[in-house]
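Mind folding the following:
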Amino acid sequence: MSNMNDMGSLRTPLCDLLGCRYPVIQTAMGYVAGADLVIGTTNAGGFGFLAGATIAADRIEAEILRVKRETDDQPFGLNFHMFQPNAQQLLDLAVKYRLRAVSYGRGPDKRVIGRLREAGIVCMPTVGALKHAQKAIEMGANAITVQGGEGGGHTGSVPTTVLLPQVVDAVQVPVVAAGGFYDGRGLLAALAYGASGIAMGTRFLMTSDSKVPAATLQRYLAARDAEKIAISHLVDGMPQRMIPNEYLAMLEKANPMKRLRIALSLALQWKAETGMTTGQALSIFMKALREDSSSVAQTVMAANAPMLLQRSMVDGNPADGVMSAGQVAALIGRLDSCEEVIGGIVRQAMDRRNALNALTPA
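Next up, the predicted model:
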């Protein structure tokens, strides 16, 4: 068996870029990746991202300071979306505290990314297609997370085993593999494909360091059939992989008019909660109308996801919200700490590597 003293030999360029011990990243899951989870991940040698998109504007700076304090100022990252009302605040905080990395979807332009890069911040978007990876790098990203279809939440249809080698072959920046990873075998497989590390959401959500309410975590632990952790378009019009529950069953039965009514009601709640003014809300709506009139309903529906996630991940009402999950949730049967999870992954990766090396004649 490998011991943790040998683990330096799993160091990859990603570890140097992000300043972490192991090439294992905890993703910025909305309402899940708060200070507690990032602290657990960071102190265990991984790299954690704070979910800036769902932390209240008046709390985000305190969360950043708490992570810095409780990790002895080790590097960590921040996630943001350009469409959120306090996007500028998050950019300013990332620069002010010289955070090591930011993660995002599509959105920031070359000017924004240039400002972050000038401050020495790694820009690491998450993409689900080769063309999006190439576009993100053209805009200035200097590392990229590639999520295959097995992943949780918004995801594409191309599996990691197809998407990952395709992107690795086409780009020159470090690539992080996401979608379907939960153990050391997966880490070693990702490195064999040419990735520089793995990123995991569901595996970190299902830990004892996660502050997700117990009632919701029990639903995750009870999901034993990977096939049933399926993709639905009903929540916000985009493909989203979730654990099935009563709320999704209701949406499936509802007619389109009822779904739109539910979406409008949730959109108004989201507007109130984020402190978004009516003007800002209208401007997002008008932008959608200008760009593509068919996306108006989707713009309204997109406000669903934060409110529905909050019901499960904050309020502890899993039957009334949504539970984003990768298919690996079906393979995880207990809530270990981040330290146990990362240590176990690294040990298993080393053991598998040693076993493979033993197949080669000296």
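
Tell me how far Leu116 lies from Pro174.
Using C-beta to C-beta, to the nearest Å, one obtains 17 Å as the distance from Leu116 to Pro174. In this view, the C-beta of every residue, glycine as well, is placed from N, C-alpha and C.

Same check on Ala51?
22 Å.

SS state for Leu50?
strand (DSSP: H, G, I helix; E, B strand; the rest coil).

just the strands in the protein please.
Remark: strands assigned in the chain by DSSP state E are 24-26, 47-51, 77-79, 101-103, 122-123, 126-127, 144-147, 153-154, 175-178, 197-200, 230-232, 240-242.

could those be laid out in CSV, adding mean neighbour count?
CSV is the format used below for the strands of the chain (neighbours: other C-beta atoms under 10 Å):
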stretch, mean neighbour count
strand 24-26, 31
strand 47-51, 28
strand 77-79, 27
strand 101-103, 26
strand 122-123, 23
strand 126-127, 25
strand 144-147, 28
strand 153-154, 20
strand 175-178, 28
strand 197-200, 30
strand 230-232, 15
strand 240-242, 22
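
Any chance of TSV for the ones you listed, columns distance to Ser337 and mean pLDDT?
Formatted as TSV, these follow (distance: least, C-beta to C-beta, whole Å; pLDDT from 0 to 100):
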stretch	distance to Ser337	mean pLDDT
strand 24-26	13	98
strand 47-51	14	98
strand 77-79	21	98
strand 101-103	23	98
strand 122-123	26	98
strand 126-127	25	96
strand 144-147	24	98
strand 153-154	23	90
strand 175-178	21	98
strand 197-200	14	98
strand 230-232	29	94
strand 240-242	25	95
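
Of all these, which one is nearest Met350?
strand 24-26 (13.1 Å; C-beta to C-beta).

Work out the gap between that closest one and the centre of the chain.
With C-alpha atoms, centre = their mean, to the nearest Å as the basis, strand 24-26 stands 10 Å off its chain's centre.

Packing partners of it?
On a contact count with 3 or more C-beta pairs under 8 Å, 6 or more residues apart in numbering; DSSP states H and E, strand 24-26 meets helix 35-43, strand 47-51, strand 197-200, helix 338-358.

Give the burial count for Lys131, as a bare number.
9 (other C-beta atoms under 10 Å).

hmm, I was thinking of Ser208
For Ser208, the count of nearby residues is 14 (other C-beta under 10 Å).

what does Glu339 give?
Neighbours around Glu339, by other C-beta under 10 Å: 17.

Hmm, Ile39 and it touching each other?
No: counting by C-beta atoms under 8 Å, Glu339 does not reach Ile39; the two are 11.1 Å apart.

Which neighbours do these two have in common?
Overlap of the contact sets of Glu339 and Ile39 (by C-beta atoms under 8 Å, 6 or more residues apart in numbering) is empty.

my guess is Gly19 contacts Pro75, does it?
Yes: counting by C-beta under 8 Å, Gly19 sits close enough to Pro75 to count as a contact (3.8 Å).

hey, what's in contact with both of the two?
Shared contacts of Gly19 and Pro75 (C-beta under 8 Å, 6+ apart): Phe47, Arg100.

Have a look at those two and say which one is more surrounded.
Shown here are Gly19 and Pro75; by other C-beta under 10 Å, Pro75 has more neighbours (18 against 13).

how about the more buried one, what does it touch?
Pro75 touches Leu18, Gly19, Cys20, Thr42, Phe47, Leu99, Arg100, Ala101, counting by C-beta under 8 Å, 6+ apart.

Now for the spatially closest residue to the fourth one that is not a sequence neighbour, how many residues are close by?
Across the structure, with C-beta to C-beta, 6 or more residues apart in numbering as the measure, the residue nearest Thr42 apart from its sequence neighbours is Thr71 (4.4 Å). Here the number of neighbours of Thr71 (other C-beta under 10 Å) works out to 18.
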